[in-house]
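Trainee: Could you look at this predicted model? Sequence included:
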Amino acid sequence: MSTDNRLVVTRPMLQIPIALCAVGVVAFVAGLFTATDRTWLNLLIDGWFVLALGVGGVFFIAAQRLANSKWWSPMRRVPEAFSLLLIPGAALMIVLALGFRSLYPWTDPASPAMLDEHPLIRAGRLTYLAPNFVYARMIIIVLLWTLFALRMRKISLAGDASSEAGASAYVRLYRYSGGFAPLFAITFAMASYDWLISLEPKWFSTMFSVYIFAGAFVQIIAASALVTVLLKRRNLVDGKVIDTHVVQTLGTMTLAFSTFWGYIWVCQYLLIWYGNIPEEATWYLQRSSGGWLPLLLISFAVSWVIPFFTLLPLNNKRSLKVMTFMSIWVLVGRWLDLYIIVMPAHWSSPRFGPIEIGMAAGAVGLIYLVVVRGLSRAPLIPTHEPVIEARRSHGHHA
């Protein structure tokens with residue numbers, strides 16, 4: 001329920017997500033005793049999923065603010081709430097660091113995966129992937145993301161005090177967004193290499209960071225759409241402010257950026273296939289052989305084919321039921337894509353069981369708890385957002 005434009009959190013709302021978190025913890029602890037490497041790999045997938053939602057929330061705000069978009073103003077609190085996931089996401093990655101030796105060859109410079117016949121390549125790889133250098137990059141990157149998230153959140157909340165404060169916050173968010181955007185471009189590329197590519201240090205792709213970014217951006221769009229639509233379906237927000245136009249735009253963005261992800265997926269695959277360079281082709285050979293090939297094709301269908309044809313009709317983008325289903329569908333596709341990126345680095349065939357299901361459920365519970373708490377700490381619709389005040393005074397969309 002909501003009171004005075006605020007989400008009121010009740011005990012029944014928390015019971016299931018808390019139970020899911022407990023299931024995740026049990027699956028993680030049990031996995032450490034029964035299948036250690038498998039457990040650390042799943043923690044990497046789920047930790048990156050949470051971290052990507054967090055930094056994706058900050059980037060979504062920055063991108064919309066720099067584009068001077070007005071449609072998103074009523075649902076700004078949603079990506080703000082997701083940005084708070086950076087803190088638990090960082091905590092998951094700190095726990096993951098305990099298992100780095102099971103995951104990453106660079107933790108042992110003498111590992112065969114770190115060697116290369118060309119001395120310059122080997123020297124560069126050993127320098128960039130020196131353990132202390134990697135740890136320092138990871139810490140600094142997540143710290144910078146979190147500082148921007150908390151600062152932008154504080155500015156946004158301060159804007160609720162009055163119309164003057166709202167106008168000031170509007171300008172200040174623009175400035176912070178301008179600082180975050182180029183920082184994000186550099187640090188996200190580095191993070192995608194450090195946490196994902198370095199599982200197989202000899203492999204490289206000049207498009208991989210863009211590929212991971214495309215996935216992370218459509219992930220935060222789908223997650224924001226899901227929360228916005230659920231709030232609207234339960235009449236927790238003013239339907240005249242968060243109207244059909246907002247829902248339709250979220251559907252359009254989900255369609256557009258799932259297509260962008262599909263485009264990058266195809267481009268990367270075709271370039272590597274056509275070039276047929278052993279250092280590049282090995283990565284796809286692993287993922288297109290044995291049991292991985294059906295999963296690779298299913299992932300592509302889930303992440304692009306089905307969202308594309310489902311969201312193409314205008315009425316589907318306006319339908320709250322369709323948008324709810326497709327948002328969940330796209331998020332499942334994002335998890336599956338990460339699974340295919342991470343798991344073949346250590347496994348010859350896919351495996352799904354209690355560890356995967358339990359730890360993924362725990363991540364879902366954690367996301368729910370953090371986002372709901374974030375939404376409950378501020379008005380669901382910014383009180384003195386200049387764009388919203390202008391709409392109300394003129395009686396139409398700006």
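Mentor: Cool, the structure landed.
Trainee: worst-scoring helix or strand of this protein, pLDDT-wise?
Mentor: strand 2-3 (a mean of 48; mean pLDDT, DSSP states H and E).
Trainee: which helices and strands sit right next to the helix or strand just after that one?
Mentor: Later in the chain than strand 2-3, the nearest helix or strand by DSSP states H and E is strand 6-7. The contact analysis (3 or more CB pairs under 8 Å, 6 or more residues apart in numbering; DSSP states H and E) places strand 6-7 against helix 354-376. No exception for glycine: its C-beta is placed from N, CA and C like everyone else's.
Trainee: what separates the helix it packs on from the chain centre, distance-wise?
Mentor: 13 Å (CA atoms, centre = their mean, to the nearest Å).
Trainee: what does stretch 287-305 give?
Mentor: Using CA atoms, centre = their mean, the offset of stretch 287-305 from its chain centre is 20 Å.
Trainee: Start and end of it, how far apart?
Mentor: 19 Å (CA to CA, to the nearest Å).
Trainee: Would you mark the buried spots in it?
Mentor: For stretch 287-305, the neighbour count (16 or more other CB atoms under 10 Å) marks 287-288, 292, 295-296, 299-300, 302-304 as buried.
Trainee: among the residues you listed, which two are most distant?
Mentor: Farthest-apart pair in the buried residues of stretch 287-305 is 292 and 304; separation 18.2 Å (CB to CB).
Trainee: Distance across stretch 303-317, terminal residue to terminal residue?
Mentor: End-to-end distance (CA to CA), stretch 303-317: 17 Å.
Trainee: how about that stretch: buried residues?
Mentor: So for stretch 303-317, counting by 16+ other CB under 10 Å, buried means 303-304, 306-308, 310-311, 316-317.
Trainee: so how many other residues sit close to residue 328?
Mentor: By other CB atoms under 10 Å, the residues close to residue 328 number 14.
Trainee: Skip the chain neighbours and tell me the closest residue to it.
Mentor: residue 226 (6.4 Å; CB to CB, 6 or more residues apart in numbering).
Trainee: SS state for that neighbour?
Mentor: helix (DSSP: H, G, I helix; E, B strand; the rest coil).
Trainee: just checking, it touches residue 329?
Mentor: No: the criterion here is CB atoms under 8 Å, and residue 226 misses it with residue 329 at 10.1 Å.
Trainee: of the two, who's got more company?
Mentor: Taking other CB under 10 Å, residue 226 and residue 329 do not tie; residue 226 has more neighbours (22 against 17).
Trainee: where does the stretch 51-200 of the chain dip in pLDDT?
Mentor: Scanning the stretch 51-200 of the chain for pLDDT under 70 picks out the ranges 116-117.
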